[in-house]
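**Student:** Pasting the sequence and the predicted model now:
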Amino acid sequence: MAAHVTELTYYPVKGCAGVAAHEASMTSAGLAHDRSFMVVGDEGVFRTQRRDPRLAVIRPAIGGDGTRLTLRAPDTEPLTLPVDTSGARRPVDLFGAAFQGIDQGDTVAEWLSDVLRSASRLVRVPPEHDRVTDGRTPGTSAYADSCAVHVLSRSTLDHLDRKLAENDAPPLPPNRFRPNLVIDGWPDPHTEDRAHRLTVGTAELAYAKPAIRCAVVLVDQASGHRAGPEPLRTLARYRRAVAGGVAFGTKYAVLRPGRVAVGDEVTVTGWGESEVGAGTYA
(Lines give C-alpha, C1' and ligand atoms only; values in the text may rest on other atoms or scores of the structure.)
Protein backbone atom coordinates (compact mmCIF):
# COMPACT_ATOMS: atom_id res chain seq x y z
CA MET A 1 0.00 0.00 0.00
CA ALA A 2 1.30 3.45 -0.89
CA ALA A 3 2.08 5.83 1.93
CA HIS A 4 -0.92 8.02 2.70
CA VAL A 5 -2.35 10.45 5.23
CA THR A 6 -4.40 8.77 7.96
CA GLU A 7 -4.82 11.70 10.36
CA LEU A 8 -4.96 15.44 9.73
CA THR A 9 -5.07 17.78 12.72
CA TYR A 10 -4.71 21.51 13.26
CA TYR A 11 -4.48 23.36 16.55
CA PRO A 12 -6.23 26.77 16.41
CA VAL A 13 -5.01 27.83 19.87
CA LYS A 14 -1.41 27.00 20.68
CA GLY A 15 -1.24 24.42 23.47
CA CYS A 16 -4.97 23.61 23.36
CA ALA A 17 -6.72 20.57 21.89
CA GLY A 18 -6.49 19.82 18.19
CA VAL A 19 -9.23 19.75 15.58
CA ALA A 20 -9.37 16.62 13.40
CA ALA A 21 -10.15 17.39 9.78
CA HIS A 22 -10.86 15.32 6.69
CA GLU A 23 -9.48 18.02 4.40
CA ALA A 24 -7.66 21.31 4.94
CA SER A 25 -5.77 24.04 3.16
CA MET A 26 -2.00 23.89 3.52
CA THR A 27 -0.82 27.50 3.58
CA SER A 28 2.76 28.75 3.56
CA ALA A 29 2.49 28.83 7.39
CA GLY A 30 1.07 25.29 7.70
CA LEU A 31 -2.49 24.02 7.93
CA ALA A 32 -5.05 26.82 7.84
CA HIS A 33 -5.74 28.21 11.35
CA ASP A 34 -2.94 26.15 12.91
CA ARG A 35 -1.60 27.96 16.00
CA SER A 36 -3.12 31.23 14.83
CA PHE A 37 -4.10 32.02 18.44
CA MET A 38 -1.99 31.90 21.58
CA VAL A 39 -2.74 32.15 25.29
CA VAL A 40 -0.41 34.53 27.13
CA GLY A 41 0.05 35.72 30.69
CA ASP A 42 -0.31 39.34 31.78
CA GLU A 43 3.25 40.08 30.65
CA GLY A 44 2.64 38.64 27.18
CA VAL A 45 4.66 35.43 27.70
CA PHE A 46 3.07 32.44 25.99
CA ARG A 47 1.42 29.72 28.02
CA THR A 48 2.39 26.13 27.30
CA GLN A 49 1.42 22.66 28.51
CA ARG A 50 4.91 22.46 29.97
CA ARG A 51 3.68 24.75 32.76
CA ASP A 52 -0.09 24.76 32.19
CA PRO A 53 -1.17 21.21 31.27
CA ARG A 54 -4.85 22.21 31.61
CA LEU A 55 -4.53 23.91 28.23
CA ALA A 56 -5.09 20.42 26.81
CA VAL A 57 -8.73 20.32 27.97
CA ILE A 58 -9.65 23.52 26.12
CA ARG A 59 -11.28 22.50 22.82
CA PRO A 60 -11.32 25.24 20.19
CA ALA A 61 -13.44 25.31 17.04
CA ILE A 62 -13.09 27.91 14.33
CA GLY A 63 -15.26 28.54 11.29
CA GLY A 64 -13.82 27.96 7.86
CA ASP A 65 -13.57 31.70 7.24
CA GLY A 66 -11.84 32.24 10.57
CA THR A 67 -14.23 34.94 11.78
CA ARG A 68 -15.62 33.17 14.87
CA LEU A 69 -13.89 31.10 17.52
CA THR A 70 -15.62 28.83 20.04
CA LEU A 71 -13.89 27.53 23.16
CA ARG A 72 -15.13 24.64 25.30
CA ALA A 73 -13.82 23.13 28.51
CA PRO A 74 -15.18 20.66 31.11
CA ASP A 75 -17.64 22.11 33.64
CA THR A 76 -17.56 25.48 31.88
CA GLU A 77 -20.06 27.22 29.62
CA PRO A 78 -18.79 27.40 26.02
CA LEU A 79 -17.71 30.80 24.75
CA THR A 80 -18.05 32.02 21.16
CA LEU A 81 -16.38 35.24 20.12
CA PRO A 82 -15.87 37.22 16.93
CA VAL A 83 -12.23 37.13 15.88
CA ASP A 84 -10.52 40.52 15.90
CA THR A 85 -7.98 40.80 13.08
CA SER A 86 -7.52 44.58 13.09
CA GLY A 87 -7.27 45.67 16.73
CA ALA A 88 -4.33 47.14 18.56
CA ARG A 89 -1.19 45.04 18.63
CA ARG A 90 0.54 44.03 21.83
CA PRO A 91 4.01 42.53 22.29
CA VAL A 92 4.14 38.81 22.99
CA ASP A 93 7.01 36.53 23.89
CA LEU A 94 7.46 33.07 22.33
CA PHE A 95 10.55 31.26 23.62
CA GLY A 96 12.21 34.63 24.24
CA ALA A 97 11.51 35.89 20.71
CA ALA A 98 9.46 39.06 20.37
CA PHE A 99 6.33 39.03 18.19
CA GLN A 100 3.04 40.89 18.03
CA GLY A 101 -0.47 39.68 18.80
CA ILE A 102 -3.97 41.13 18.52
CA ASP A 103 -5.67 40.91 21.91
CA GLN A 104 -9.11 39.27 21.67
CA GLY A 105 -10.68 41.12 24.59
CA ASP A 106 -11.63 40.88 28.23
CA THR A 107 -14.46 38.34 27.93
CA VAL A 108 -12.28 35.55 26.59
CA ALA A 109 -9.48 36.62 28.95
CA GLU A 110 -11.78 36.05 31.93
CA TRP A 111 -12.95 32.71 30.53
CA LEU A 112 -9.38 31.46 30.05
CA SER A 113 -8.28 32.77 33.44
CA ASP A 114 -11.07 30.80 35.12
CA VAL A 115 -10.28 27.58 33.26
CA LEU A 116 -6.50 27.82 33.70
CA ARG A 117 -6.72 29.30 37.22
CA SER A 118 -4.20 31.93 36.28
CA ALA A 119 -4.48 35.36 34.67
CA SER A 120 -4.50 34.80 30.91
CA ARG A 121 -5.32 36.57 27.68
CA LEU A 122 -5.84 35.40 24.09
CA VAL A 123 -4.02 36.91 21.13
CA ARG A 124 -4.27 36.27 17.41
CA VAL A 125 -1.39 36.42 14.97
CA PRO A 126 -1.63 39.70 12.99
CA PRO A 127 -1.94 39.70 9.19
CA GLU A 128 1.51 41.29 8.83
CA HIS A 129 3.20 38.51 10.87
CA ASP A 130 6.44 37.73 9.02
CA ARG A 131 8.15 35.15 11.19
CA VAL A 132 10.94 33.12 9.56
CA THR A 133 11.45 29.62 10.96
CA ASP A 134 14.79 27.85 11.21
CA GLY A 135 16.08 24.45 10.20
CA ARG A 136 17.52 23.02 7.01
CA THR A 137 14.66 24.53 4.99
CA PRO A 138 13.53 27.96 6.21
CA GLY A 139 9.86 28.76 6.17
CA THR A 140 7.22 30.56 8.19
CA SER A 141 4.58 29.72 10.77
CA ALA A 142 2.15 31.45 13.09
CA TYR A 143 2.73 30.62 16.79
CA ALA A 144 3.96 27.03 16.37
CA ASP A 145 6.98 26.10 18.48
CA SER A 146 9.18 26.12 15.40
CA CYS A 147 8.27 24.97 11.90
CA ALA A 148 4.97 24.94 10.04
CA VAL A 149 4.16 21.22 9.82
CA HIS A 150 4.81 18.35 12.23
CA VAL A 151 4.75 14.84 10.70
CA LEU A 152 4.73 11.43 12.37
CA SER A 153 4.44 8.03 10.73
CA ARG A 154 2.29 5.18 11.97
CA SER A 155 5.31 2.85 11.90
CA THR A 156 7.21 5.24 14.17
CA LEU A 157 4.33 5.28 16.64
CA ASP A 158 3.95 1.50 16.50
CA HIS A 159 7.67 1.05 17.14
CA LEU A 160 7.43 3.23 20.25
CA ASP A 161 4.42 1.26 21.47
CA ARG A 162 6.46 -1.95 21.21
CA LYS A 163 9.24 -0.31 23.21
CA LEU A 164 6.76 0.87 25.83
CA ALA A 165 5.34 -2.64 26.13
CA GLU A 166 8.84 -3.93 26.93
CA ASN A 167 8.75 -1.58 29.93
CA ASP A 168 5.22 -2.65 30.90
CA ALA A 169 3.86 0.73 29.81
CA PRO A 170 0.64 1.10 27.79
CA PRO A 171 0.54 2.30 24.17
CA LEU A 172 -0.03 5.99 23.54
CA PRO A 173 -2.42 7.70 21.13
CA PRO A 174 -0.91 9.92 18.42
CA ASN A 175 -2.36 13.04 20.04
CA ARG A 176 0.19 12.72 22.86
CA PHE A 177 2.69 14.07 20.28
CA ARG A 178 0.37 16.65 18.66
CA PRO A 179 1.26 16.00 15.00
CA ASN A 180 -0.37 17.75 12.05
CA LEU A 181 -0.07 14.74 9.74
CA VAL A 182 0.09 11.04 10.56
CA ILE A 183 1.32 8.98 7.62
CA ASP A 184 0.77 5.25 7.17
CA GLY A 185 2.39 2.96 4.63
CA TRP A 186 6.07 3.51 5.42
CA PRO A 187 7.19 0.08 6.70
CA ASP A 188 10.32 1.31 8.50
CA PRO A 189 10.00 3.43 11.64
CA HIS A 190 11.38 6.97 11.47
CA THR A 191 11.23 7.12 7.68
CA GLU A 192 10.21 10.76 8.20
CA ASP A 193 13.80 11.42 9.40
CA ARG A 194 15.02 10.73 5.86
CA ALA A 195 12.06 11.90 3.74
CA HIS A 196 13.48 15.33 3.02
CA ARG A 197 11.06 16.41 0.32
CA LEU A 198 7.56 15.11 -0.19
CA THR A 199 4.29 15.88 -1.89
CA VAL A 200 0.93 15.33 -0.24
CA GLY A 201 -2.28 16.31 -1.96
CA THR A 202 -1.39 19.38 -3.99
CA ALA A 203 1.12 20.65 -1.40
CA GLU A 204 4.86 20.15 -1.21
CA LEU A 205 6.87 20.01 2.02
CA ALA A 206 10.60 20.14 2.70
CA TYR A 207 12.48 18.81 5.70
CA ALA A 208 13.51 21.36 8.32
CA LYS A 209 14.64 19.44 11.42
CA PRO A 210 13.81 16.67 13.87
CA ALA A 211 11.05 17.30 16.40
CA ILE A 212 12.82 17.53 19.77
CA ARG A 213 10.46 16.41 22.49
CA CYS A 214 9.80 18.10 25.83
CA ALA A 215 7.56 17.63 28.86
CA VAL A 216 4.41 18.21 26.77
CA VAL A 217 4.50 14.53 25.75
CA LEU A 218 4.00 13.64 29.42
CA VAL A 219 0.55 15.29 29.42
CA ASP A 220 -2.53 13.14 28.88
CA GLN A 221 -4.33 15.16 26.21
CA ALA A 222 -7.77 14.00 27.36
CA SER A 223 -7.45 14.86 31.04
CA GLY A 224 -4.88 17.65 31.04
CA HIS A 225 -2.84 15.84 33.70
CA ARG A 226 0.80 14.85 33.59
CA ALA A 227 0.84 11.08 33.28
CA GLY A 228 4.31 10.11 34.50
CA PRO A 229 7.74 9.54 32.99
CA GLU A 230 6.60 7.91 29.76
CA PRO A 231 7.21 8.23 26.89
CA LEU A 232 10.28 10.38 27.52
CA ARG A 233 11.94 7.68 29.64
CA THR A 234 11.68 5.10 26.86
CA LEU A 235 12.49 7.53 24.05
CA ALA A 236 15.63 8.69 25.83
CA ARG A 237 16.98 5.15 25.55
CA TYR A 238 16.89 4.99 21.77
CA ARG A 239 16.11 8.39 20.23
CA ARG A 240 18.90 10.69 21.35
CA ALA A 241 19.61 13.27 18.63
CA VAL A 242 23.23 13.91 17.69
CA ALA A 243 22.80 17.62 18.44
CA GLY A 244 21.11 16.88 21.77
CA GLY A 245 17.63 16.15 23.00
CA VAL A 246 15.13 13.39 22.35
CA ALA A 247 13.84 13.34 18.76
CA PHE A 248 10.54 11.87 17.64
CA GLY A 249 8.89 12.98 14.41
CA THR A 250 9.93 15.62 11.92
CA LYS A 251 9.26 19.30 11.24
CA TYR A 252 8.72 20.51 7.69
CA ALA A 253 8.48 23.85 5.91
CA VAL A 254 5.90 24.39 3.17
CA LEU A 255 7.41 24.76 -0.29
CA ARG A 256 4.11 24.85 -2.16
CA PRO A 257 0.73 25.53 -0.55
CA GLY A 258 -2.22 23.38 -1.60
CA ARG A 259 -5.00 21.11 -0.35
CA VAL A 260 -4.40 18.08 1.85
CA ALA A 261 -6.91 15.38 2.79
CA VAL A 262 -7.06 12.15 4.72
CA GLY A 263 -6.32 9.36 2.24
CA ASP A 264 -4.01 11.48 0.08
CA GLU A 265 -0.97 9.64 -1.20
CA VAL A 266 2.39 10.81 0.15
CA THR A 267 5.25 10.71 -2.36
CA VAL A 268 8.85 11.21 -1.28
CA THR A 269 10.69 13.14 -4.01
CA GLY A 270 13.94 13.65 -2.12
CA TRP A 271 15.76 11.53 0.45
CA GLY A 272 18.53 12.54 2.86
CA GLU A 273 20.46 11.37 5.88
CA SER A 274 18.87 11.32 9.33
CA GLU A 275 20.05 14.00 11.73
CA VAL A 276 19.19 11.80 14.69
CA GLY A 277 22.15 9.45 14.28
CA ALA A 278 22.93 5.80 13.92
CA GLY A 279 21.60 3.18 16.27
CA THR A 280 18.29 4.98 16.89
CA TYR A 281 15.97 2.33 15.44
CA ALA A 282 16.96 -0.57 17.72
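**Tutor:** Looks like it came in fine. Numbers count the residues shown, from 1 in each chain.

**Student:** roughly how far apart are H22 and T199?
**Tutor:** Separation of H22 from T199 (C-beta to C-beta, to the nearest Å): 19 Å. (C-beta placed from N, C-alpha, C; glycine too.)

**Student:** who's more crowded, those two?
**Tutor:** Per other C-beta atoms under 10 Å, whichever of H22 and T199 has more neighbours is T199, with 17 against 8.

**Student:** hang on, isn't that one packed against D264?
**Tutor:** No: look at T199 against D264 with C-beta atoms under 8 Å: they stay out of range, at 9.1 Å.

**Student:** Now A206. Its backbone dihedrals?
**Tutor:** Note on A206: backbone dihedrals following degrees, to the nearest 10 are phi -130, psi 140.

**Student:** That one - nearest residue in space that isn't next to it in sequence?
**Tutor:** Leaving aside its sequence neighbours, A206 sits nearest to T137 (C-beta to C-beta, 6 or more residues apart in numbering; 4.0 Å).

**Student:** The one you found is in contact with Y207, isn't it?
**Tutor:** Yes: between T137 and Y207 there is a contact under C-beta under 8 Å: 6.1 Å.

**Student:** Quick check on D161: phi, psi?
**Tutor:** When read as degrees, to the nearest 10, the backbone of D161 gives phi -60, psi -40.

**Student:** Contacts only, for P187.
**Tutor:** Residues near P187 by C-beta atoms under 8 Å, 6 or more residues apart in numbering: S155.

**Student:** hang on, it in a strand?
**Tutor:** No: checked against DSSP: H, G, I helix; E, B strand; the rest coil, P187 lies outside a strand; its state is coil.

**Student:** Can you give me the distance of it to G224?
**Tutor:** Taken as C-beta to C-beta, the span from P187 to G224 is 35 Å.
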